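Undergrad: Here's my sequence, what's the structure:
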Amino acid sequence: MLFLGEFEHSLDSKQRLAIPSELRAVLNPAVNGDSFVAVPGPDDSLMLWPNRTFEQLAQNHGGSLIGDEVLRRFEQSFFSQAARCPLDSAGRVRIPDRLLGRFTLSGAVTILGVRDHLEVIASATWKAKQKERDSTAASLWQDANRLLNSRSGGTR
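TA: Here you go, the predicted model:
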């Protein structure tokens, strides 16, 4: 599964978001599940993870009853704000009010395919971020390349 692309959509009056068919087409329900988990993300975006992918990532990061205080506080904040969002027969998910309000999502939104998850961001916010990032694109590529090299121990 690899989510790619940028899609302009709108939330309907019942706070449902249509997941573009191009994005739904890469989902394998047997592997990825048949719903999404909505969680707060950084940078003013709401992340939508396929439910089985999200569960695998959560389990792989482990944990214990007595863990690091910073990690415990993060998990408390992160998981308590998460919400299961089933896909309906029309390929829509309903976003809970508390998450819509937190990210000021209403009307026009942009859905981003970001490798293994989707991000939903207010269209006006996304356009402003794109404009800002366009001016620093070269340094962003260099910083990302350095980070990837440090993780892999090689050169790219």
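
Undergrad: Which pLDDT value belongs to the residue nearest the centre of the chain?
TA: Nearest to the geometric centre of the chain sits residue 47, at 2.3 Å (CA atoms, centre = their mean). Here the pLDDT value assigned to residue 47 is 95.

Undergrad: please renumber so the chain begins at 68
TA: All right, first residue 68 from here; so that's residue 114.

Undergrad: Am I right that it is in contact with residue 121?
TA: No. Assessed by CB atoms under 8 Å, residue 114 is found out of contact with residue 121, at 9.1 Å. Yep, even glycine has a C-beta here, placed from its N, CA and C like the rest.

Undergrad: now the helices for this protein?
TA: 88-91, 96-99, 118-127, 136-148, 164-169, 190-201, 204-219 (DSSP state H).

Undergrad: Turn the ones you listed into TSV, columns for mean pLDDT and mean neighbour count.
TA: Shown next, in TSV, are the helices of the chain (pLDDT from 0 to 100; neighbours: other CB atoms under 10 Å):
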stretch	mean pLDDT	mean neighbour count
helix 88-91	94	12
helix 96-99	89	12
helix 118-127	88	15
helix 136-148	85	11
helix 164-169	89	14
helix 190-201	86	13
helix 204-219	81	10
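
Undergrad: Which one of those lies nearest to residue 79?
TA: Nearest to residue 79, of all the helices of the chain, is helix 164-169, at 12.0 Å by CB to CB.

Undergrad: For that closest one, list the C-alpha coordinates in PDB.
TA: Presented in PDB, the C-alpha positions along helix 164-169 are these (Å, rounded to 0.1, in the frame of the first residue of the first chain):
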ATOM      1  CA  ASP A 164     -16.700  16.800  16.000                       C
ATOM      2  CA  ARG A 165     -13.900  17.100  18.500                       C
ATOM      3  CA  LEU A 166     -11.300  16.500  15.800                       C
ATOM      4  CA  LEU A 167     -13.000  18.700  13.300                       C
ATOM      5  CA  GLY A 168     -12.900  21.600  15.800                       C
ATOM      6  CA  ARG A 169      -9.300  21.000  16.800                       C
END
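
Undergrad: Give me the residues contacting it.
TA: 78, 82, 105, 107, 113, 148, 150, 172, 173 (CB atoms under 8 Å, 6 or more residues apart in numbering).

Undergrad: what's the spacing between the closest residue to the fourth one other than its chain neighbours and residue 207?
TA: This points to residue 107. Distances taken as CB to CB, 6 or more residues apart in numbering place residue 148 nearest to residue 107, at 5.0 Å, with adjacent residues excluded. To residue 207, residue 148 is 28 Å away according to CB to CB, to the nearest Å.
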